[in-house]
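Student: quick one, structure for this:
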Amino acid sequence: MKIETAFWDTSALVPLCCQQSASAEARQVARRYGRMVVWWCTRVEACGALARLRREGAFGENGFQQTVARLLALSRAWLEVLPTESVREGAEELLARRMIRAADALQLAAALVWCQGRPQRRVFVCLDQRLATAAAQTGFEVKGPATGW
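Tutor: Numbers count the residues shown, from 1 in each chain. Purely as a prediction, here's the structure:
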């Protein structure tokens, strides 16, 4: 199977780092779309999500260290869209047109920069329903629970 490139939102990366209900499906999507493109701040967002899961009791300190190690391993291979004026302006424009939060607007704007504003036939992997809807409305092919993976 050919490994294809896709933009991965933080919400889809976390299940690759720790066991969650979406982990099996996320791993399956990662086998096909394993050439990952992410927003510059994705690693920080993912660390925050993993720390929150630790605080909520999903795993202890050892489990937390293992999940962070998995995240760092993923980050060594992914391509990051850097914070540029194009990303900022795109996010501001998306906030005016879509029902998404600021961090999600930055994710989606970064994806649009990655595909040079041509999202048709580009994959956006996401578990967040609101962001997935905005990405689909923008023209991306969304992979996630809302689309049956």
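Student: surely Ala91 touches Val113?
Tutor: No - using Cβ atoms under 8 Å, Ala91 makes no contact with Val113, being 10.1 Å away. C-beta coordinates here come from the backbone N, C-alpha and C atoms, glycine included.
Student: the two: which has the busier surroundings?
Tutor: Comparing Ala91 with Val113 by neighbour count (other Cβ atoms under 10 Å), the higher total belongs to Ala91, at 22 against 18.
Student: surely Ala58 meets Cys18?
Tutor: Yes - assessed by Cβ under 8 Å, Ala58 is found in contact with Cys18 at 6.9 Å.
Student: those two: which is more packed in?
Tutor: Between Ala58 and Cys18, counting by other Cβ under 10 Å, Cys18 is the more crowded of the two (20 against 15).
Student: got a pLDDT number for the more buried one?
Tutor: Per-residue pLDDT puts Cys18 at 97.
Student: going forward can the numbers begin at 539, since that is how I track them
Tutor: That works, and once the first residue is 539, the last one we named lands at Cys556.
Student: just for this protein, where's the confidence low?
Tutor: Scanning the chain for pLDDT under 70 picks out nothing.
Student: contacts for the longest helix out of those in the chain, please.
Tutor: Identified as the longest helix of the chain according to DSSP state H is helix 599-615. Contacts with helix 599-615, where a contact means Cβ atoms under 8 Å, 6 or more residues apart in numbering, come from 551, 554-556, 574, 581, 584-585, 588-589, 591-592, 597.
Student: let's see that with 7 Å instead.
Tutor: For helix 599-615, the external contacting residues (Cβ atoms under 7 Å, 6 or more residues apart in numbering) are 551, 554-556, 581, 584-585, 588, 592, 597.
Student: repeat for stretch 669-687
Tutor: 547, 550, 560, 563, 566-567, 571, 636, 638, 642, 645-646, 649, 657-665, 667.
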